[in-house]
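In: return atomic coordinates for the entry below.
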Amino acid sequence: MLIAVTSEGLDPSSLVAEKFGSAPFIIFYNIEETVFESLRNPYSNLLGSAGIQTAQLIIEKNTNVVIAINIGINPHRLLRSADVKVYSCTKIQVQKAIKEFIEGKLSVVKQESLQYFGKAARQRRRHRNKDF
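Out: Numbers count the residues shown, from 1 in each chain. As a prediction, the model looks like this:
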């Protein structure tokens with residue numbers, strides 16, 4: 001099983017990154033081989049679609065599980081369509097997040113719990129807040 005964790009640094013003692021797509025690094029952990037692999041996220045500085053591109057990268061690595069603090073609805077949908085489960089954690093060290101996952105302490109992110117912050121959602125909020 002391969003686990004991907006968005007990270008603020010290259011080391012497993014780094015903190016889990018706040019945002020999925022703009023995470024500077026991704027740390028992969030292979031449970032069977034007990035091996036860590038760190039990767040600089042090439043999409044972290046994109047102004048748009050960083051989450052989707054990051055999700056695609058994770059899928060291409062044949063990852064089974066993603067651990068993140070915040071993830072957008074579109075990257076979540078893409079990961080889910082590739083049978084990658086997404087688990088949420090708090091701002092803790094990557095190695096601790098992995099340990100909590102293995103111990104069954106993390107919860108699966110459900111699509112219903114995600115908020116969509118895209119253009120259409122902003123337009124809906126603007127329209128809803130207009131005074132008539």
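In: only C-alpha atoms for contact and neighbour calcs from this point on.
Out: OK.
In: show me where this protein has its helices.
Out: Along the chain, counting by DSSP state H, helices occupy 50-60, 73-81, 94-102, 119-128.
In: hey, least reliable of these by pLDDT?
Out: Mean pLDDT is lowest for helix 119-128 among the helices of the chain, at a mean of 50.
In: sorry, back to before: could you redo the helices of the chain as CSV and give each row mean neighbour count?
Out: Converted to CSV, the helices of the chain look like this (neighbours: other CA atoms under 10 Å):
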stretch, mean neighbour count
helix 50-60, 20
helix 73-81, 18
helix 94-102, 19
helix 119-128, 10
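In: any chance of those helices in a markdown table, with distance to Ser38 too?
Out: Output for the helices of the chain, formatted as a markdown table (distance: least, CA to CA, whole Å):
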| stretch | distance to Ser38 |
| --- | --- |
| helix 50-60 | 12 |
| helix 73-81 | 20 |
| helix 94-102 | 11 |
| helix 119-128 | 33 |
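In: measure Val109 to Cys89 for me?
Out: According to CA to CA, to the nearest Å, Val109 stands 10 Å off from Cys89.
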